[in-house]
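Peer 1: here is a sequence together with a model predicted from it:
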Amino acid sequence: MELQGKKVLVFGSGISGIGAAKLLEAVGARVVLYDGNEKLKKEELQKKLPKGSACEIVLGELSGEVISTLDLAVMSPGVPLDIAPVERMQAAGVPVWGEVELAYRMGEGTVLAITGTNGKTTTTALLGEIMKAYANSVFVVGNIGNPYTEAALSMNEDSYTVAEISSFQLETTHTFAPKVSAILNITEDHLNRHHTMKEYIRVKELIAANQTKDDFCILNYEDEELRRFAEHCPATVVFFSSERKLEKGVYLDGTRIVLKTDAEEVELVRTEELKLLGQHNYENVMAAAAMAYCAGVPKEVIRKAASAFRAVAHRIEFVEEIHGVAYYNDSKGTNPDAAIKGIQAMNRPTFLIGGGYDKESSYEEWIQAFEGKVKELVLIGQTREKIEKAAHACGFYHTILADSLEEAVKICAEKAQKGDAVLLSPACASWGQFDNYEQRGDKFKEYVRSML
């Protein structure tokens with residue numbers, strides 16, 4: 001679709017929405033920035049737009065009169081598709097894209113895209129570092145915090161775009177076709193948005209929907225759902241595994257991460273050379289290495305960049321050691337499966353801080369993963385009673401309810417002894433108490449460092 005002169009509604013005024021509005025104006029579209037929150041102030045939103053922007057701002061009710069004039073709607077990922085204004089636009093025949101679809105159509109070069117329930121940010125950041133060591137024009141974008149739309153017009157045919165893509169973003173893709181895609185894992189998450197696991201899985205698999213056998217899709221062999229998907233995936237599948245040697249693919253052999261193809265078997269890196277902790281991170285390294293290899297990156301470049309890479313903020317991030325107690329920030333553990341990875345990475349008796357916004361997850365499997373490591377579970381947020389009930393049902397009674405994250409940190413600091421760890425790994429989203437998981441993690445670090 002040629003966008004110059006077209007009237008395009010951007011739904012949502014957050015980072016993604018502002019990025020989409022800027023891109024659309026830059027290519028000559030007539031933009032309507034819409035947000036259903038009528039309490040927002042137009043003048044504050046105007047400040048986020050470029051000086052001289054002609055963008056029309058509409059808040060509150062979306063009228064039929066506005067809908068009737070639209071050529072296209074671009075959705076921010078946080079906006080569900082089953083709400084009345086979206087359904088009215090679709091009924092009126094207005095095409096509905098996501099910001100990823102918009103950026104993909106406007107950008108150039110080679111796209112490497114990563115999705116999965118857990119591990120996306122670490123894998124994306126690592127692959128970004130590998131590609132930067134290999135190519136001159138690299139953009140790391142998407143759910144990692146850098147809007148794809150803000151980078152799209154800076155790309156050229158030699159660019160590499162490394163994109164972290166959430167299920168919310170995949171819902172509204174149509175032509176999006178990465179050269180190399182990856183699905184790291186699929187476990188229960190976002191059921192308040194997707195309603196069923198079947199739908200969540202379908203949306204995740206959309207990352208490969210427009211790929212061909214000339215493209216590659218990297219899949220976790222240890223995920224049963226992904227083994228099934230491999231049978232009908234339109235791309236050439238490359239597996240990785242942390243549990244077994246593969247006939248072809250990338251696998252963990254003791255402390256060696258090995259790449260095996262029809263032509264060769266090579267050691268890419270050893271786990272003791274990595275600055276990342278835990279088997280889940282070795283899986284992230286394998287996925288990033290496989291993607292880079294499929295994109296043509298030499299093995300030595302992969303090894304060197306992987307060895308130098310440090311963990312991203314908020315993902316089992318070491319904060320401080322105070323009076324012999326180590327504090328770790330795993331605020332990005334926003335669902336039970338991610339939080340399981342967090343507790344598995346701990347090598348000390350642990351005081352665990354959990355709880356937050358309820359995404360309708362179940363917590364029993366997380367609690368069963370404590371396996372004698374967790375001394376106390378300190379719970380905050382909307383889910384604290386729900387999780388406590390699940391813990392008691394699983395036979396784990398060492399639970400404490402706190403009114404805030406600050407209070408939870410103080411409780412842990414008072415009870416922990418030399419040689420223990422305190423881990424923030426909530427198994428829940430941050431909404432309600434915090435704007436996002438980054439703010440939650442930053443506050444945790446602030447409360448910890450205030451004790452120095």
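Peer 2: Sure thing, it's come through.
Peer 1: count the residues that sit near residue 258.
Peer 2: A count of nearby residues for residue 258, using other Cβ atoms under 10 Å, gives 18. Using the backbone N, CA and C atoms, a C-beta is placed for each residue, glycine as well.
Peer 1: list the beta-bridge partners for residue 10.
Peer 2: Using DSSP bridges, the bridge partners assigned to residue 10 are residue 33, residue 74.
Peer 1: all strands of the stretch 51-200 of the chain, in order?
Peer 2: Applying DSSP state E, counting those that start in this stretch to the stretch 51-200 of the chain gives strands spanning 56-59, 72-75, 96-98, 110-115, 138-142, 160-164, 180-183.
Peer 1: name every strand pairing with the third one and say which way it goes.
Peer 2: Partner strands and pairing direction for strand 96-98 (DSSP bridges) are strand 72-75 (parallel).
Peer 1: can you give the domain ranges for this protein?
Peer 2: If you go by automatic domain parsing, the domain ranges for the chain are 7-94, 101-308, 317-449.
Peer 1: mind putting those into CSV with mean pLDDT and distance to residue 1?
Peer 2: As requested, those are arranged in CSV below (pLDDT from 0 to 100; distance: least, Cβ to Cβ, whole Å):
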stretch, mean pLDDT, distance to residue 1
domain 7-94, 92, 7
domain 101-308, 92, 8
domain 317-449, 94, 32
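Peer 1: just put the strands of the stretch 51-200 of the chain in JSON lines and tack on mean neighbour count and distance to residue 229.
Peer 2: Formatted as JSON lines, the strands of the stretch 51-200 of the chain follow (neighbours: other Cβ atoms under 10 Å; distance: least, Cβ to Cβ, whole Å):
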{"stretch": "strand 56-59", "mean neighbour count": "17", "distance to residue 229": "40"}
{"stretch": "strand 72-75", "mean neighbour count": "25", "distance to residue 229": "25"}
{"stretch": "strand 96-98", "mean neighbour count": "23", "distance to residue 229": "21"}
{"stretch": "strand 110-115", "mean neighbour count": "27", "distance to residue 229": "12"}
{"stretch": "strand 138-142", "mean neighbour count": "24", "distance to residue 229": "21"}
{"stretch": "strand 160-164", "mean neighbour count": "28", "distance to residue 229": "19"}
{"stretch": "strand 180-183", "mean neighbour count": "29", "distance to residue 229": "7"}
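Peer 1: can you add distance to residue 104 and give the ones you listed back as JSON lines?
Peer 2: Below are those laid out as JSON lines (distance: least, Cβ to Cβ, whole Å):
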{"stretch": "strand 56-59", "distance to residue 104": "25"}
{"stretch": "strand 72-75", "distance to residue 104": "12"}
{"stretch": "strand 96-98", "distance to residue 104": "9"}
{"stretch": "strand 110-115", "distance to residue 104": "7"}
{"stretch": "strand 138-142", "distance to residue 104": "10"}
{"stretch": "strand 160-164", "distance to residue 104": "9"}
{"stretch": "strand 180-183", "distance to residue 104": "12"}
